[in-house]
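One predicted model, sequence on top.
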Amino acid sequence: MNSIREIAALWAERLPHHGGSYAEQVCQDWSEVPAPGYVDIQRTALVQARLAFTFLHAGLPAGKIALDAFNSIFLLPDNSGWIRAADSEGHPLDGSVDTYDQAFGLLALAWDRDHKGIPCAEAKHLALQVLNGLDQTWDVVHGGYWEVRPGKAGLLVPAEPSRLVPYSTFRRQNPHMHLFEAFLAWMAVDPSGPWRDRCLGIAELLESRFLETEGSLREYFSEDWSPAPGAPGEILEPGHHFEWVWLLHRYEKITGDGRYNKVAEKLYCFGVGHGLDDDGLAWDSIDPQGKPLARTKLLWPQTELLKAHVAVFESTGEQNVKQSALMVEQAIRDHYFAGKDQPFYNQLDMNGIPMDIPTPSRVLYHLWMAFTEFERVV
């Protein structure tokens with residue numbers, strides 16, 4: 001079986017690329033497939049930052065090349081953030097600055113390190129400038145960061161803006177979760193920086209706004225962080241419950257501060273109790289009562305389930321949790337890995353059969369993190 005580093009190296013080699021930027025999704029023969037509804041957009045900050053991070057984390061030469069291309073294409077002239085999207089030649093198309101994207105730019109920068117594992121001075125300086133840009137969007141009344149801010153005027157693509165900025169009329173927990181991840185990465189290498197305070201601000205939001213008493217995690221909110229009206233306010237994603245579990249355990253490992261361990265336990269218990277099918281794999285989404293909203297299974301919730309099992313096992317040593325981690329890791333290989341030199345499958349249908357749909361490059365980040373943690377601990 002291929003190691004996760006061999007898988008990452010295969011993607012760095014086979015994924016179509018030009019000038020250091022990479023295809024956003026591919027078929028099983030590695031041919032590039034434009035994302036539907038994105039007009040001329042072929043490159044997004046989100047995907048390019050995730051790939052740069054993954055290749056850097058894996059120690060691959062493609063990492064530095066991808067990070068340089070990411071900054072060259074998406075970085076604003078004042079270094080306050082990265083714009084949303086560009087065409088395949090790197091010409092800016094969507095000049096808005098999405099908070100979700102900033103998280104992955106910061107995460108990639110945290111892995112721009114010298115041979116001693118110390119962040120490059122330029123990366124640290126840029127991260128602080130981006131953080132300053134983010135801080136200008138903090139909601140001083142209700143807390144949290146706003147979703148989108150203007151970047152380069154006149155560059156917002158008019159066609160199907162709801163695809164470019166999902167649920168832009170609502171506020172989301174997801175960008176905050178990934179900012180927490182990025183701030184943790186910087187806290188680990190820059191402990192005297194401002195990162196811990198930013199982590200605590202987001203953790204407070206998680207505990208007071210995102211999380212329900214029984215441990216369920218809402219996705220979409222109104223301006224004051226009350227649940228969004230209608231169907232969006234009823235959406236729960238088990239994968240995000242599990243992702244937070246791993247992040248909160250990592251926060252304790254880095255800081256020695258266990259104040260959020262009970263929150264992690266609630267999220268884990270609710271996710272395992274309500275978010276899994278009988279086969280032990282996670283649903284894509286459920287309602288607050290635990291009923292699946294769609295009987296399909298994307299790959300990324302399984303990788304986050306694996307990370308949660310690994311984190312809980314590392315913390316408690318419980319052998320039944322270790323067995324759950326072993327089961328999920330094997331299930332990912334059995335059901336989502338297509339072949340030795342092929343991309344993985346992205347989603348299973350209601351019968352557990354891989355769906356004939358393109359594979360998004362952004363999911364490699366999820367797979368890399370899950371298998372890296374699994375190999376480290378289990």
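Perfect, I can see it now.

going forward, measure contacts and count neighbours with C-alpha atoms only.
OK.

Chain neighbours aside, what residue packs nearest to residue 131?
residue 80 (7.5 Å; C-alpha to C-alpha, 6 or more residues apart in numbering).

is it true that the one you found touches residue 133?
Yes. Counting by C-alpha atoms under 8 Å, residue 80 does reach residue 133; the two are 4.6 Å apart.

Quick check, residue 147 in contact with residue 171.
Yes. Using C-alpha under 8 Å, residue 147 is in contact with residue 171, at 6.6 Å.

rewinding a little: so which of residue 80 and residue 133 has more stuff around it?
Higher neighbour count among residue 80 and residue 133: residue 80, with 22 against 18, using other C-alpha atoms under 10 Å.

In three-state terms, how would the more buried one be classified?
coil (DSSP: H, G, I helix; E, B strand; the rest coil).

give the contact list for it.
129-134 (C-alpha atoms under 8 Å, 6 or more residues apart in numbering).

Need the buried ones from these selected in ChimeraX.
In ChimeraX syntax, the buried subset of the contacts of residue 80 is picked out as below (16 or more other C-alpha atoms under 10 Å):
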select :129,130,131,133,134
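
helices and strands around the helix or strand hosting residue 128, which ones?
Secondary-structure element containing residue 128, defined by DSSP states H and E: helix 121-135. For helix 121-135, the packing partners by 3 or more C-alpha pairs under 8 Å, 6 or more residues apart in numbering; DSSP states H and E come out as helix 99-109.

so what secondary structure elements neighbour the helix it packs on?
For helix 99-109, the contact count by 3+ C-alpha pairs under 8 Å, 6+ apart identifies helix 45-57, helix 121-135, helix 174-189 as packing neighbours.

could you check the distance from the residue nearest the centre of the chain over to residue 267?
Residue closest to the mean C-alpha point of the chain, counted by C-alpha atoms, centre = their mean, is residue 178 at 5.9 Å. Per C-alpha to C-alpha, to the nearest Å, residue 178 is found 16 Å from residue 267.

where's residue 313 relative to residue 261, distance?
14 Å.

more neighbours, the two?
residue 313 (20 against 15).

Name the residues of stretch 231-239 that are buried.
Neighbour-count burial for stretch 231-239 [16+ other C-alpha under 10 Å]: 232-239.

which helices and strands sit right next to the helix or strand hosting residue 203?
Per DSSP H and E: residue 203 is located in helix 195-205. If contacts are counted by 3+ C-alpha pairs under 8 Å, 6+ apart, helix 195-205 sits against helix 174-189.

re earlier: I'd like the contacts of residue 80 as TSV, with pLDDT and distance to residue 24 appended.
Formatted as TSV, the contacts of residue 80 follow (pLDDT from 0 to 100; distance: C-alpha to C-alpha, whole Å):
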residue	pLDDT	distance to residue 24
129	98	27
130	98	24
131	98	26
132	97	29
133	96	26
134	96	25
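
now, among the contacts of residue 80, which is nearest to residue 68?
Residue 68 lies nearest to residue 130 out of those, by C-alpha to C-alpha, at 15.8 Å.

Pick the one among the buried residues of stretch 231-239 closest to residue 25.
residue 239 (20.9 Å).

what's the nearest residue to the closest one if we skip its chain neighbours?
In space, and not counting its chain neighbours, residue 239 is closest to residue 301: 4.0 Å by C-alpha to C-alpha, 6+ apart.
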